[in-house]
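no sequence on this one, just coordinates:
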């Protein structure tokens, strides 16, 4: 008797919840994204040593949507830094990962196995990763331009 694996189904409600939470996090980190598209750097430090810097760069800004590049600097030579393209939908109050360094456009689901070795739920995983990444910088980060004043980022 052979059992067939159940086909992966997108958890649309879970994905939308992650995208809504990512929008809220991004708006806390880039509050003037729509009016003043800019680059903002947040740092993680241990004492006087900066461990990593998160760069948030608005690459496209419109009345209803924006595109933000999320990248960590400096990358380690042996471990490439993640770089995500995030589409921000202001009218829907959602932000979703639409691209990553390893692939330009993400599909909602992938057949498995596949030639590019994508996971069936890769889009969902990247959106959850973005949420954890932004949440970590909200909790532990500070503005890279002013490492003393952490109150601007934290609430």
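Looks like it came in fine. Because the structure is a prediction, the values reported are computed rather than measured.

C-alpha from now on. contacts and neighbour counts both.
Will do.

how close does residue 125 sit to residue 89?
Plainly put, residue 125 is 19 Å away from residue 89 if you go by CA to CA, to the nearest Å.

ok, these two, which is more surrounded?
In this view residue 125 and residue 89 are compared by other CA atoms under 10 Å, and residue 89 has more residues nearby, 19 against 15.

can you pull the contacts of that one?
64, 65, 66, 95 (CA atoms under 8 Å, 6 or more residues apart in numbering).

tally of neighbours for the second one?
So the one you mean is residue 65. Per other CA under 10 Å, the neighbour tally for residue 65 reads 17.

give me the beta-bridge partners of it?
Bridge pairing for residue 65 (DSSP bridges) gives the partners residue 89.

can you pull the contacts of it?
Residue 65 neighbours (CA under 8 Å, 6+ apart): 87, 88, 89, 90, 91.

so how far is residue 144 from it?
26 Å.

ok now the helix or strand encompassing residue 18, how far from the chain's centre?
Taking DSSP states H and E as the definition, residue 18 sits inside helix 12-29. How far helix 12-29 lies from its chain's middle: 10 Å, per CA atoms, centre = their mean, to the nearest Å.
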